[in-house]
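S.K.: sequence unknown, structure follows:
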């Protein structure tokens, strides 16, 4: 009678879900249980019309005038302010711009410039690779022997924070296993040694409340297209603590970072505020989609988001726990909600094929090489009933070996 | 009877215009003569539907799967190939990505890395400011004393090309006065001294044929939202000559530049081809709009574009020439088509107010501080009749001093 009990629990949880009205604000295809909002967030219904209006009226009819009349020129700041509330940032400390990789380049360059006498950048081997690649690129260009030093496990980090370290650069929630660092404690430990801290909030923003100001974080970056639902390749964001704004701090010194871009001065004179972290002309269509997606968040209670996220993850872990060991799945996400983000990951053999079989049955998660299957829990549009059903389908696929088909082993360009 | 003669000429020119069918492929508002396609290109009609489909079907229904099923992942290369034909680039040498500013950062960094023993970057004081700002940013970050040396006039350039110069970095067509450099001759002169050359094609691509391969240019960058009509803040592009691809050459080493991004290696191993110049996740909505805009160019005869561009500019110069001197306008664009791009600019007092008065009468050009009014000629959607009418309205505004109203002197954030 296990499955009956579970269904009742899920139904009750859904009935008492304070966020359940948000589901109706997303387009979600019939027959799909979408557990990949940590990779690409679902489509907020209002985005389509907003973008269509921007194309037809602002671009098509008003043309160049829309930089002023539709205030295109301040989209980076307007979107940034909406993100700021979700991540506990002060006013005028966040802008939406460029990609996460490029924003990391900006803030890492700034941090190394602020901490010039030190040569180590500490991160984790299991950080999202682009963050490590960008650190390599920054270090190589500066050419002063900066070294990237990687922790093998989070436990190793505190001992690595010595006085040769310029910057501690971490992704708050690990993209593979969902492990979450203690932002406040690590920031404090780093500051005690004179180390600046950059937090990558790619798997955090929109998934749970964050308190950048409270943690006294130096810099942060994050992604627009995961939990924030800004659309594929949406503009990313960055945060700079007010104490680090000003100066000529970041090298991607394009005209939108100039104090007066439309004066067309030949010499760069940086904005003394967060605008210095802008570079080129903002991508208006992408920025408008992101702005519309962020409008949905205006009245969202982030504590309720976190509570539901914990509930969804706990519930999925419980459901899958009934058969995981027997059928070859090993939970790699911490059971303790205090140590995790909003995803549940398992390592297993044949993970790629298992995920393809799940997708064929309408359960969309994703695979991360070499052996991780990931299930993202997005509190705004997922129900407990769906999570129960996803677990049941996963079980069925494993029991029947439905994944063991040649077509499930063909890799696409993107896994 | 001058105006009658002019009308007949314009009508004849429009009737024999081989490009006139393209006009119908753009949305253009009633009552507007749009002479600002060099700042923001007009909306190709098919873009609205293409973006709507991407949002509703690819994002909304297919969700994460579209990275493969809609081949989102190769949009930068696909758009790049379409641009390549217009600028005379070899296959697999162009990608669409990021902004012009960021792309300049990449190729300038690569060029300085290739020419490490030299310390001067030569450009022009009147280059578009963001190019100069980015050069400052690159030089500051490398921190080896690279200096930006600026020519006051194009004539000064040849003598500045000495053996301390690492890079010559020029915008092919000047954004203010429309002056066009001789790409082949300057590239050859630079190469004779061991100097690498970067061409900014912001005011060139889509306005006239270019032969990057023939000129043996080293690098090029350009803008998607001007003559190419990719939409506000559209993805920019970059070109890298095949002889300079490979190595670990550009510091914005995000995961899309990795040889195998979805292997999630901790160490950066760059693509040996043009993909190395990609950085973060591509902005799909903006990229799809750009791709659709570029589809319109597939069968466009660039020689016909150039011939019509020369015709439109000559005609406007002739028409305005009838009253320019008397009414305080000084032509700053070369009369010789061999020395100009596809715009006509005048210096004048009260330029900002004059342009506002023109816009109020439906003639949209733009103003560039301190004293330039610009009129961009876009052969795909402009007629000779419109150009004649624009000149007549300009004359009327100057004769009646219609610009001398307080409301025309209020500056917007974007001029």
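M.R.: Perfect, I can see it now. None of the values given here were measured: they were computed from a predicted structure.
S.K.: going by C-alpha atoms from here, please, whenever you check contacts or count neighbours.
M.R.: Fine.
S.K.: neighbours around the residue in the stretch 1-150 of chain A positioned nearest to chain B, how many?
M.R.: Nearest residue of the stretch 1-150 of chain A to chain B, counting by CA to the nearest CA: residue A:137, 4.2 Å away. By other CA atoms under 10 Å in any protein chain shown, 21 other residues sit near residue A:137.
S.K.: per-domain residue ranges of chain A.
M.R.: Under the assignment automatic domain parsing, the domains of chain A span A:2-45+A:301-409, A:71-295.
S.K.: give me the distance between the residue nearest to residue A:115 when sequence neighbours are not counted and residue A:276.
M.R.: In space, and not counting its chain neighbours, residue A:115 is closest to residue A:166: 5.6 Å by CA to CA, 6 or more residues apart in numbering or on different chains. In this view, residue A:166 and residue A:276 are 22 Å apart by CA to CA, to the nearest Å.
S.K.: skipping adjacent residues, who's closest to residue A:40 in space?
M.R.: Residue A:40 sits nearest to residue A:226 (CA to CA, 6+ apart), 4.8 Å away.
S.K.: three-state assignment of the one you found?
M.R.: State at residue A:226, reduced to three classes by DSSP: H, G, I helix; E, B strand; the rest coil: coil.
S.K.: tell me the contacts of residue A:146?
M.R.: Residues near residue A:146 by CA atoms under 8 Å, 6 or more residues apart in numbering or on different chains: A:119-121, A:139-140.
S.K.: near chain B, list only the ones from those.
M.R.: By CA under 8 Å from any CA of the partner chain, the members of those lying near chain B are residue A:140.
S.K.: got a list of contacts for stretch A:119-138?
M.R.: A:101, A:104-105, A:108-109, A:144-154, A:160-161, A:164-171, A:174-175, B:250-255, B:264-268, B:280.
S.K.: for it, give the mean pLDDT please.
M.R.: Averaging pLDDT along stretch A:119-138 yields 97.
S.K.: what's the span of that stretch from first residue to last?
M.R.: By CA to CA, one end of stretch A:119-138 lies 12 Å from the other end.
S.K.: check the offset of it from the chain's centre.
M.R.: 17 Å (CA atoms, centre = their mean, to the nearest Å).
S.K.: could you do stretch A:215-225 as well?
M.R.: In terms of CA atoms, centre = their mean, the gap separating the centre of stretch A:215-225 from the centre of its chain is 10 Å.
S.K.: residues of the stretch 301-415 of chain A that sit close to chain B?
M.R.: A:369, A:412-415.
S.K.: return the closest of these with respect to residue A:215.
M.R.: residue A:369 (32.7 Å; CA to CA).
S.K.: which ones among the contacts of stretch A:119-138 lie within helices?
M.R.: A:101, A:104-105, A:108-109, A:160 (DSSP state H).
S.K.: for residue A:357, give me its contacts.
M.R.: Counted by CA under 8 Å, 6+ apart, residue A:357 has contacts A:397, A:402-403, A:408.
S.K.: could I get the residues you listed as CSV with distance to residue B:294 and neighbour count?
M.R.: Output for the contacts of residue A:357, formatted as CSV (distance: CA to CA, whole Å; neighbours: other CA atoms under 10 Å in any protein chain shown):
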residue, distance to residue B:294, neighbour count
A:397, 44, 18
A:402, 43, 16
A:403, 41, 22
A:408, 35, 19
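S.K.: tell me which of these is nearest to residue A:240?
M.R.: residue A:408 (44.1 Å).
S.K.: got the phi/psi numbers for the closest one?
M.R.: Note on residue A:408: its backbone torsions stand at phi -90, psi 0 [degrees, to the nearest 10].
S.K.: among the residues of the stretch 301-415 of chain A next to chain B, name the buried ones.
M.R.: A:414-415 (16 or more other CA atoms under 10 Å in any protein chain shown).
S.K.: need the worst-confidence member of the residues of the stretch 301-415 of chain A next to chain B.
M.R.: Among those, residue A:415 carries the lowest pLDDT, at 73.
S.K.: need the residues of the stretch 51-200 of chain A near chain B, please.
M.R.: A:52, A:55-56, A:59-64, A:67-68, A:73, A:98-102, A:105, A:125-134, A:136-138, A:140-143.
S.K.: filter these down to just the ones in helices.
M.R.: Using DSSP H, these in helices are A:52, A:67-68, A:100-102, A:105, A:129-134, A:136-138, A:140-142.
S.K.: just the pLDDT at residue A:52, thanks.
M.R.: 98.
S.K.: let me fix that: residue A:303
M.R.: Predicted confidence (pLDDT) for residue A:303: 98.
S.K.: same check on residue A:225?
M.R.: Note on residue A:225: pLDDT of 98.
S.K.: could you do residue A:3 as well?
M.R.: Residue A:3 carries a pLDDT score of 45 in this model.
S.K.: how about residue A:263?
M.R.: As predicted, residue A:263 sits at a pLDDT of 88.
S.K.: what residues are up against the closest residue to it other than its chain neighbours?
M.R.: Distances taken as CA to CA, 6+ apart place residue B:369 nearest to residue A:263, at 6.4 Å, with adjacent residues excluded. Each residue near residue B:369 by CA under 8 Å, 6+ apart is listed here: A:262-264.
S.K.: quick test: name the residue nearest the centre of chain A.
M.R.: Centroid-nearest residue in chain A: residue A:202, 2.0 Å away (criterion: CA atoms, centre = their mean).
S.K.: so who does that one touch?
M.R.: Contacts of residue A:202 (CA under 8 Å, 6+ apart): A:171-173, A:221-224, A:226.
S.K.: try 6 Å
M.R.: A:222-223 (CA atoms under 6 Å, 6 or more residues apart in numbering or on different chains).
S.K.: where's it relative to residue A:220, distance?
M.R.: The spacing between residue A:202 and residue A:220, counted by CA to CA, is 10 Å.
S.K.: neighbours around the residue nearest to residue A:40, how many?
M.R.: Applying other CA under 10 Å, we find 27 residues neighbouring residue A:226.
S.K.: that older thread, what subset of the ones in helices among the contacts of stretch A:119-138 is buried?
M.R.: The neighbour count (16+ other CA under 10 Å) marks A:101, A:104-105, A:108-109, A:160 as buried among those.
S.K.: quick one: residue A:347 and residue A:371 touch, right?
M.R.: Yes: look at residue A:347 against residue A:371 with CA atoms under 6 Å: they come within range, at 5.3 Å.
S.K.: between those two, who's got more neighbours?
M.R.: Set residue A:347 next to residue A:371 and count neighbours by other CA under 10 Å: residue A:347 wins out with 22 against 16.
S.K.: show me what contacts that one?
M.R.: Residues counted as contacts of residue A:347 (CA under 6 Å, 6+ apart) are A:329-330, A:371-372.
S.K.: with secondary structure added, can I get these in JSON lines?
M.R.: Output for the contacts of residue A:347, formatted as JSON lines (three-state DSSP):
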{"residue": "A:329", "secondary structure": "coil"}
{"residue": "A:330", "secondary structure": "strand"}
{"residue": "A:371", "secondary structure": "coil"}
{"residue": "A:372", "secondary structure": "strand"}
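S.K.: which one (most neighbours) among these?
M.R.: Among the contacts of residue A:347, residue A:372 has the most neighbours (other CA under 10 Å), with 24 neighbours.
S.K.: which non-adjacent residue is nearest that residue?
M.R.: That would be residue A:347: by CA to CA, 6+ apart, it lies 4.5 Å from residue A:372.
S.K.: now do the helices in chain A.
M.R.: For chain A, the helices defined by DSSP H occupy A:2-15, A:45-53, A:66-69, A:75-87, A:100-114, A:129-142, A:157-160, A:183-192, A:212-215, A:284-295, A:302-321, A:351-360, A:384-400.
S.K.: weakest of these in terms of mean pLDDT?
M.R.: Minimum mean pLDDT among these: helix A:2-15, a mean of 69.
S.K.: distance of residue A:212 from chain B?
M.R.: Distance, residue A:212 to chain B, using CA to the nearest CA, to the nearest Å: 24 Å.
S.K.: how far does stretch A:103-118 sit from its chain's centre?
M.R.: A distance of 21 Å separates the centroid of the chain from that of stretch A:103-118, by CA atoms, centre = their mean.
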